[in-house]
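> Kindly generate the corresponding structure for this input.
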Amino acid sequence: MLGYFEILCGIAALLFAFYYYSTANFNYWKDRGVVGPKPLPFFGNTKDLMFPIVSVPEFSRDIYLKYKGERMVGLFMQRSPVIFLKDPELIKDVLIKDFSKFSDRGFKVYEKTEPLSQHLFNLETKRWRPLRSKLSPMFTSGKLRDMFGLILECSEHFKQYLDKVVAKGEPIDIPDLTGKFTTDVIGSCAFGIDTNSLADEESEFRKVGKQIFTPTFGNVLRLKTSIYLPKLYELLGYIVPDKKFAPFFTKVVIDTMMYRKEHNIHRPDFINMLMELKDHPQKIDDIKLTDYLITAQAFVFFAAGFETSSTTMSNALYELAQNHDIQDRLRKEIEEHFENSDGNLKYEHIKEMEYLDKVFKETLRKYPPGALLPRTATSDYTFDGTKASISKGMLVWIPIFAIHRDPEIYPNPEVFDPERFNEDAVDARHPMSYLPFGDGPRNCIGARFAVYQTKLGLITILRNYKVDICEKTIIPYHFAPGAFILTPKEGIYLKITKLTS
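Sure thing, here's the model as predicted:
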């Protein structure tokens, strides 16, 4: 039988081995001449993100500003080296010039734990490339023109709902309001389904949508475990399978496909394109098209499409409520286009509203939904003009939020100023200084759709209502730690009143 001394020695040996394992790699960046903060055993530089103590936007901005003048910063996610890029030319190399060497995002697909994680955003290059080429036609200008009538119909329902909500005279939960609108738009344009989020408080689509992104303890725990303890998370697939999202969306997608096939229904939407892929699997090489793989593509279109657009609408209204001169000028532009078109808004009119475009872009400048853009090296790589080399499989972080708030690129970055997007101002900046949708071949596939959905939602509100701050409006804006996308910690509450003329 072991004595206390032997037990203590064994524990000490295990602790030493664990310490050595977690720190043995910590000279990686120093050996390559790349500066960076001192890492902690086990945590690396991401302790405050793991728990979470700070939000991703704040974390990235602090590092960005601390290492002013540096082209890159060396970090550690636990014991794994991560390169944090600041130089726009190096960012351009990763996203565009040398894309073939950084074509993976670096997200692991957990087919057991999260069967719907095998979507376009996460997939490795082998499956991503053929799927992207087949799904891209869904988001062309021609397809969006076909869907514009569906979005317009949802905006009419949105106005009717707003009339009822505004009549109560109470502070309005803006993310909840805009989330209902974008859920109905995505439901119609992607699934051909009336999700009824505006009319029905118990809408299943809306409830599931809110559960996906709300930073509850369970959601944050699953997210952090998947990132920092992937082996444990993979094991959970056999113990705690996803019982919420996967069964719900799989049933919706498969049932919709079967119904359309039986009744010979054809619609120019996302589901129809997925049906074609399923009926002609040879179109996407040798990829096995399971029900979950098909459903995952519809799931990410729904999840990303409703939440990012909803958040952008909310953030735009938050700024317009504080800047009435901008709100009034935008409303004037909207009204002029309605007068010139006899009150009939068309697809072309959205593109013609220049000030609306500036407001939209400035909102995404100040509040990009994704604060950090990840890429993973698919081969060993040396950054141009440097001696810094990284190995295959290493993670690259591009700090979109920090770049968008850089005072040397955008003077007084906390000020909401749509004039930053005048043509001359845009031309004077490096193209990599504005990346709300990423860039290169793996940019956001649904960017055009998000633009039209968000703009039409803002038009509907501003043409008919005035937006103000109220006693429940929190200023300044605080970011929610643990949230997957940029999210206000306390929500956004505003006062909306109907215009009298």
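
> alpha carbons only for contacts and neighbour counts from here, please
OK.

> residue boundaries of the strands in this protein?
With DSSP state E, the ranges of strands along the chain come out as 72-77, 80-85, 172-173, 373-376, 381-382, 389-390, 395-398, 465-469, 493-498.

> Need these in CSV (columns: mean pLDDT and distance to C9).
As requested, the strands of the chain are exported to CSV (pLDDT from 0 to 100; distance: least, Cα to Cα, whole Å):
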stretch, mean pLDDT, distance to C9
strand 72-77, 96, 30
strand 80-85, 96, 29
strand 172-173, 97, 58
strand 373-376, 96, 41
strand 381-382, 96, 43
strand 389-390, 93, 38
strand 395-398, 98, 37
strand 465-469, 98, 63
strand 493-498, 98, 58
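
> among those strands, which is nearest E354?
With Cα to Cα, the closest approach to E354 among the strands of the chain belongs to strand 465-469: 20.4 Å.

> can you give me the angle that closest one makes with strand 493-498?
For strand 465-469 against strand 493-498, the angle between stretch directions is 150 degrees (axes from the mean of the first three to the mean of the last three Cα atoms, to 10 degrees).

> Can I get strand 465-469 in PDB, CA atoms only?
Once non-C-alpha atoms are left out, strand 465-469 reads as follows in PDB (Å, rounded to 0.1, in the frame of the first residue of the first chain):
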ATOM      1  CA  TYR A 465     -42.100  56.100 -37.300                       C
ATOM      2  CA  LYS A 466     -39.700  58.300 -35.300                       C
ATOM      3  CA  VAL A 467     -37.100  56.500 -33.100                       C
ATOM      4  CA  ASP A 468     -35.900  58.000 -29.800                       C
ATOM      5  CA  ILE A 469     -34.000  56.900 -26.800                       C
END
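
> What pairs with that strand, parallel or antiparallel?
Strands that pair with strand 465-469, judged by DSSP bridges, come out as strand 493-498 (antiparallel).

> And the helices in the stretch 351-500 of the chain?
Taking DSSP state H, counting those that start in this stretch, the helices of the stretch 351-500 of the chain run over residues 354-366, 400-404, 423-428, 447-464.

> what stretches of this structure score poorly on pLDDT?
The chain contains residues with pLDDT under 70 at 1-2, 16, 18-22, 213-216, 218-220, 237-244, 281-286, 501.

> Grab the longest helix from it for me.
helix 291-322 (DSSP state H).

> Against which helices or strands is that helix packed?
Helix 291-322 makes packing contacts with helix 174-186, helix 204-213, helix 245-263, helix 270-279, helix 324-340, helix 354-366, helix 447-464, strand 465-469 when contacts are defined by 3 or more Cα pairs under 8 Å, 6 or more residues apart in numbering; DSSP states H and E.

> now with 7 Å?
Here helix 291-322 touches helix 174-186, helix 245-263, helix 354-366, helix 447-464, strand 465-469, going by 3 or more Cα pairs under 7 Å, 6 or more residues apart in numbering; DSSP states H and E.

> For the shortest one, which outside residues touch it?
Defining contact as Cα atoms under 7 Å, 6 or more residues apart in numbering, one finds that strand 465-469 is touched by A321, Q322, L494, K495, I496, T497, K498, L499.

> Give me the buried subset of the residues you listed.
The neighbour-count test (16 or more other Cα atoms under 10 Å) marks A321, L494, K495, I496, T497, K498 as buried among those.

> so T473 sits right up against L494, yeah?
Yes - with contact defined as Cα atoms under 7 Å, T473 counts as touching L494 (6.1 Å).

> With adjacent residues omitted, what lies nearest to A377?
Once flanking residues are discounted, A377 sits nearest to F102: 4.6 Å by Cα to Cα, 6 or more residues apart in numbering.

> That neighbour - how many residues pack around it?
27 (other Cα atoms under 10 Å).

> State the distance from I11 to F43.
According to Cα to Cα, to the nearest Å, I11 and F43 sit 21 Å apart.

> And those two? Which one has more around it.
For I11 versus F43, neighbours defined as other Cα under 10 Å are more numerous around F43 (19 against 12).

> Output the helices of the stretch 351-500 of the chain in TSV; the columns should cover distance to D62 and mean neighbour count.
Conversion of the helices of the stretch 351-500 of the chain to TSV gives the following (distance: least, Cα to Cα, whole Å; neighbours: other Cα atoms under 10 Å):
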stretch	distance to D62	mean neighbour count
helix 354-366	16	21
helix 400-404	8	26
helix 423-428	25	10
helix 447-464	28	20
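
> Distance to K112 for those helices - can I get that in a markdown table?
Putting those into a markdown table (distance: least, Cα to Cα, whole Å) gives the following:
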| stretch | distance to K112 |
| --- | --- |
| helix 354-366 | 35 |
| helix 400-404 | 31 |
| helix 423-428 | 45 |
| helix 447-464 | 30 |
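
> so which of the ones you listed comes closest to Y67?
helix 400-404 (11.9 Å).

> Which neighbouring elements make contact with that closest one?
Secondary-structure packing of helix 400-404 (3+ Cα pairs under 7 Å, 6+ apart): helix 56-66.

> Please save the CA atoms from the helix it packs on in CSV.
Output in CSV follows, covering the C-alpha atoms of helix 56-66 (Å, rounded to 0.1, in the frame of the first residue of the first chain):
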residue,chain,number,x,y,z
VAL,A,56,-14.5,39.1,-28.0
PRO,A,57,-14.6,42.7,-29.3
GLU,A,58,-13.0,44.1,-26.2
PHE,A,59,-10.4,41.3,-26.1
SER,A,60,-9.3,41.9,-29.7
ARG,A,61,-9.3,45.7,-29.4
ASP,A,62,-7.1,45.6,-26.3
ILE,A,63,-4.5,43.5,-28.0
TYR,A,64,-4.7,45.5,-31.2
LEU,A,65,-4.1,48.9,-29.4
LYS,A,66,-1.5,47.5,-27.0
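
> who touches it?
Contact with helix 56-66 is made by L49, A371, P399, F401, A402, as judged by Cα under 7 Å, 6+ apart.

> Spatially nearest residue to N272, not counting backbone neighbours?
Using Cα to Cα, 6+ apart and skipping the chain neighbours, the partner closest in space to N272 is H266 (6.8 Å).

> That neighbour: how many residues sit nearby?
If you count neighbours by other Cα under 10 Å, H266 ends up with 11.

> separation between it and M273?
From H266 to M273 the distance is 10 Å (Cα to Cα).

> Touching both of these two, which residues are there?
Both H266 and M273 lack any common contacting residue under the criterion Cα under 7 Å, 6+ apart.

> and K108, what does it touch?
For K108, the set of contacting residues under the criterion of Cα under 7 Å, 6+ apart consists of N122.

> Please report phi then psi for it.
Listed backbone geometry of K108 is phi -80, psi 140, with angles given as degrees, to the nearest 10.

> now the one 5 residues further on
Listed backbone geometry of T113 is phi -70, psi -40, with angles given as degrees, to the nearest 10.

> ok, it touching E234?
Yes - in this structure T113 lies within contact range of E234 using Cα under 7 Å: 6.1 Å.

> Out of the contacts of helix 56-66, which comes closest to D200?
Here the nearest of the contacts of helix 56-66 to D200, counting by Cα to Cα, is A371; it sits at 32.9 Å.

> Now the closest one: phi and psi?
Residue torsions, per degrees, to the nearest 10, at A371 are phi -80, psi -30.

> was I right about it contacting I403?
No - here A371 does not reach I403: they are 9.5 Å apart, not a contact under Cα under 7 Å.

> V415: neighbouring residues, count only.
With other Cα under 10 Å as criterion, V415 counts 12.

> Kindly report the same for the one 3 residues further on.
Residues lying near P418 (other Cα under 10 Å) number 18.

> and it, what does it touch?
For P418, the set of contacting residues under the criterion of Cα under 7 Å, 6+ apart consists of K358, V359, E362.

> can you do 8 Å?
Contacts for P418 were tallied using Cα atoms under 8 Å, 6 or more residues apart in numbering; they are Y355, K358, V359, K361, E362.
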